[in-house]
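Asks: Would you be able to build a 3D model of this:
(chains A, B, C and D)
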Number of protein chains: 2
Amino acid sequence: MERRPSSEEAASPQEVKSISKASFRRLPRYHQIMRAFEDLGRKYISSKELSEILEINETLVRKDMADLSIRGKPNQGYSIQTLRQTIEGFLGLKEPTEALIVGGGHLGKALAMYPGFDNYGLRIMGIFDNDPAKIGSDVNGLIVEDVEQLCRRVEEKQIKLIILCVPKDAAQPITDEVIACGVRAVWNFTPQELHVPKHVRIRNEQIVAGFMALSYYLKSLPVEEM
Amino acid sequence: MERRPSSEEAASPQEVKSISKASFRRLPRYHQIMRAFEDLGRKYISSKELSEILEINETLVRKDMADLSIRGKPNQGYSIQTLRQTIEGFLGLKEPTEALIVGGGHLGKALAMYPGFDNYGLRIMGIFDNDPAKIGSDVNGLIVEDVEQLCRRVEEKQIKLIILCVPKDAAQPITDEVIACGVRAVWNFTPQELHVPKHVRIRNEQIVAGFMALSYYLKSLPVEEM
DNA sequence: TAGATTGTTAATCGATTAACAATC
DNA sequence: TAGATTGTTAATCGATTAACAATC
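Replies: Predicted coordinates:
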């Protein structure tokens, strides 16, 4: 019998034409929720349930599904597996992404050891520092290398992504250097604003931004509620 | 001579009535840029310059300033110091916020040692774990305490903010526990979606979300550019 | 079938941008 | 003064929501 796509078949990345910015930003949370529900053995989830977890409107969830070209089943909802796989396909999480970490401080080490990255195709291929005391030490099976070697390794392994965990002042020079060697994306954990050519993508993880939002909330609490 | 507010005087928090959500989200980046420019000794910055750094429209910058009740000087721009102080006042960064870290793994340690928090009034008052091997060890001058003591410390010190760096499965139970002891905000570094009462604010730092956005970009690069 | 749920269109809301007058 | 820049209003754009028909 000929195999036809079932109504809740995952859209391949190509099938997802375009997606709104706002919808794009919600994908990681959808993905995480799908993983949690899969662990619980659930097969379907309704837009109502999703909307309650994400604290957004039910219609918005259905709009997001439509953007992803995912079709649900009346009376049942959306296939959890399909939704997860569609997001993974769309974001390219099924193909591996090799990355190097620059900076062997606490944060760099914490990221090198983060066990979850595997699930998203992120492979940490090396970690670099300029401190002789750190060079040669073992981090989760990786040997810390001299940052002098960084560019060579980028070229050898055709690395496209750098994870930046260096002190602020080193951020821009290292970024310039690795871009010259072919890097296309920088995951920036420093508080430095980086300047890069148009073909390079930056993602700033300004850790302190999260605190600021909470501080605002805590400070504006009515006194009697404190 | 009577002191009158100069045209670029900082608005006190009360003076900033309300601010759009989108504008609120930009405050941390404005703040960071102001710090960098102060270090360089600059006094004023124009909306054009800011718009270029942030890659947003010039008018939007002026709208944000208006939201913050900050007035610029024609021909000069906005006072860097005023802008920084207004944001700090608005977000409550001038008053200290005491917090406890739960989880003494790599990430918990990295956060406990993060030197930048001081500048934002964030004071890490303790770090907790349930692993006997970690309890009693020193992290940046703090002694890791047994998580059994957590609630007691929250109450003693009237802690309102918890920084959560525990394994996924421990996230919800610990959250429930500290909320019962009076905590009002949770800075969640675990990938667990948390359920909390309405009066508690959550900030999720889903680390992996940043990677997903970069993965999408890298995977959708035209082949000849790879 | 009735009920639950999806899917889509039109209306609304909020954020951004264009245009231009006001100011130093 | 001319030029640079702010400040504000109206127009536009994009995202969200309400309403309701379609489906199992």
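Asks: Does the host helix or strand of A:Phe24 reach DNA strand C?
Replies: Assignment of secondary structure by DSSP states H and E places A:Phe24 within helix A:21-39. No. Among the residues of helix A:21-39, none lie within reach of DNA strand C under CB under 7 Å from any atom of the strand; the closest is 9.8 Å away. To be clear about C-beta, it is placed using only N, CA and C from the backbone, and glycine gets the same treatment.
Asks: Which strands or helices does that helix pack on?
Replies: The contact analysis (3 or more CB pairs under 8 Å, 6 or more residues apart in numbering or on different chains; DSSP states H and E) places helix A:21-39 against strand A:44-45, helix A:47-54, helix A:58-67, helix A:80-91, helix B:207-219.
Asks: Tell me which helix or strand comes right after the one helix or strand A:Ile174 maps to.
Replies: Assigned by DSSP H and E, A:Ile174 falls within helix A:168-180. For helix A:168-180, the succeeding helix or strand toward the C-terminus, using DSSP H and E, is strand A:185-188.
Asks: that older thread, can you list the residues that contact the helix holding A:Phe24?
Replies: Contacts to helix A:21-39, defined as CB atoms under 8 Å, 6 or more residues apart in numbering or on different chains, come from residues A:45, A:50, A:53-54, A:56, A:63-64, A:67, A:80-81, A:83-84, A:87-88, A:90-91, A:119, B:191-193, B:206, B:208-209, B:212-213, B:216.
Asks: Which members of these additionally contact DNA strand D?
Replies: A:Ile56, A:Lys63.
Asks: Next one: the residue nearest the centre of chain A relative to B:Glu98, how far apart?
Replies: In chain A, the centroid-proximal residue (CA atoms, centre = their mean) is A:Pro28; its distance is 7.4 Å. Note on A:Pro28: its distance to B:Glu98, by CB to CB, to the nearest Å, is 30 Å.
Asks: what mean pLDDT does the helix or strand containing A:Ile163 have?
Replies: For A:Ile163, the element it lies in under DSSP H and E is strand A:161-164. For strand A:161-164, mean pLDDT is 98.
Asks: That one pairs with which strands, parallel or anti?
Replies: strand A:97-102 (parallel), strand A:185-188 (parallel) (DSSP bridges).
Asks: Only the buried residues of the longest one, if you could.
Replies: Looking back up the chat, that one is strand A:97-102. For strand A:97-102, burial by neighbour count (16 or more other CB atoms under 10 Å in any protein chain shown) applies to A:Thr97, A:Ala99, A:Leu100, A:Ile101, A:Val102.
Asks: Contacts for it, please.
Replies: Here strand A:97-102 makes contact (CB under 8 Å, 6+ apart) with A:108, A:111-112, A:121-129, A:147, A:150, A:153-154, A:157-166, A:174, A:178, A:187, B:211, B:214-215, B:218-219.
Asks: Please indicate which of the residues you listed are buried?
Replies: A:108, A:111-112, A:121-122, A:124-129, A:147, A:150, A:153-154, A:159-166, A:174, A:178, A:187, B:211, B:214-215, B:218-219.
Asks: filter those down to the ones near DNA strand D?
Replies: Okay, of these, nothing touches DNA strand D (CB under 7 Å from any atom of the strand).
Asks: Report all helices and strands that the biggest strand by length in chain A contacts.
Replies: Across chain A, the longest stretch assigned as strand under DSSP state E is strand A:122-129. Other helices and strands packing on strand A:122-129, by 3+ CB pairs under 8 Å, 6+ apart, are strand A:97-102, helix A:106-113, strand A:142-146, helix A:150-157.
Asks: Report the angle between that strand and strand A:97-102.
Replies: 20 degrees (axes from the mean of the first three to the mean of the last three CA atoms, to 10 degrees).
Asks: domain assignment for chain A?
Replies: If you go by automatic domain parsing, the domain ranges for chain A are A:13-91, A:97-209.
Asks: Let me have these in TSV, adding distance to B:Asp39 as columns.
Replies: Output for the domains of chain A, formatted as TSV (distance: least, CB to CB, whole Å):
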stretch	distance to B:Asp39
domain A:13-91	31
domain A:97-209	10
